[in-house]
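Asks: Just the structure for this:
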Amino acid sequence: MRTLTLLSLALASLPVLAQDGLQRCRAMSDGAARLACYDALADAARAAAAAPARPPVAAAPAAPPAAAAAPAAAAAPAALATPAAATAPAPSRTAEATFGLPETRRPDAVDAVNSTVGPRFSGWGPNSRIRLANGQVWQVTDGTSVELPEGPRKVSVKRGALGSYYLDFEGLNTSPRVRRVE
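Replies: Numbers count the residues shown, from 1 in each chain. Here you go, the predicted structure:
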């Protein structure tokens, strides 16, 4: 506490000391000596401003070394675990399994996926969802509708222009525009 009081008094007296230095330089009669005195004061002020402010040693409560090391040791494993978790590879998925899902990069060069639709498939309408045998679910996004005799069908999902996908049914002249739901 005594060091903190002395430090605050020293900081409060700095402008007074600077005034004393200016008064001393001003009292000199020799011009070259006066200029050198002012330059020395300016250099000292620049050095004091450029020096990093350090907190007083006595002002901070002293912590036992073991207590200070424990939080640092506990934080280090957490910091080391974070980058490892961020760089861990994601579970690998085949190009066919990710076909049609929105991604920032294009998966391996797959331009079509072949599958079938179930035995009870009888057509589609606007916004209807079609589940393929491989587990993918596609939703019709255009306004087309087709009624077919009930039964299984071979289908192919093909990549179109500008990120679109079309569901191509074997034996049909129409292909609805679709987007991947699952």
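Asks: so where do the helices sit in the protein?
Replies: Using DSSP state H, the helices of the chain run over residues 2-26, 31-50, 65-87, 95-98.
Asks: The ones you listed: lowest mean pLDDT?
Replies: Here the helices of the chain differ in mean pLDDT, and the lowest is helix 65-87 at a mean of 46.
Asks: neighbours of Gln27, just the number please.
Replies: Careful, residue 27 is Ala and not Gln. As a burial measure, Ala27 scores 9 neighbours (other CB atoms under 10 Å). For the C-beta atoms, the positions are set from N, CA and C on the backbone; glycine is no exception.
Asks: Can you spell out the domain ranges of the protein, please?
Replies: Following automatic domain parsing, one gets these domains for the chain: 2-62, 95-180.
Asks: Please identify the most buried of the ones you listed.
Replies: domain 95-180 (a mean of 14; mean count of other CB atoms under 10 Å).
Asks: Ends of that one, what's the gap?
Replies: 14 Å (CA to CA, to the nearest Å).
Asks: List the contacts of stretch 173-182.
Replies: For stretch 173-182, contacts defined as CB atoms under 8 Å, 6 or more residues apart in numbering pick out 99-102, 124, 129-130, 135-142, 144, 146, 157-158, 160, 164-169.
Asks: tell me how far the ends of it are from each other?
Replies: Calculated as CA to CA, the first-to-last residue distance of stretch 173-182 is 26 Å.
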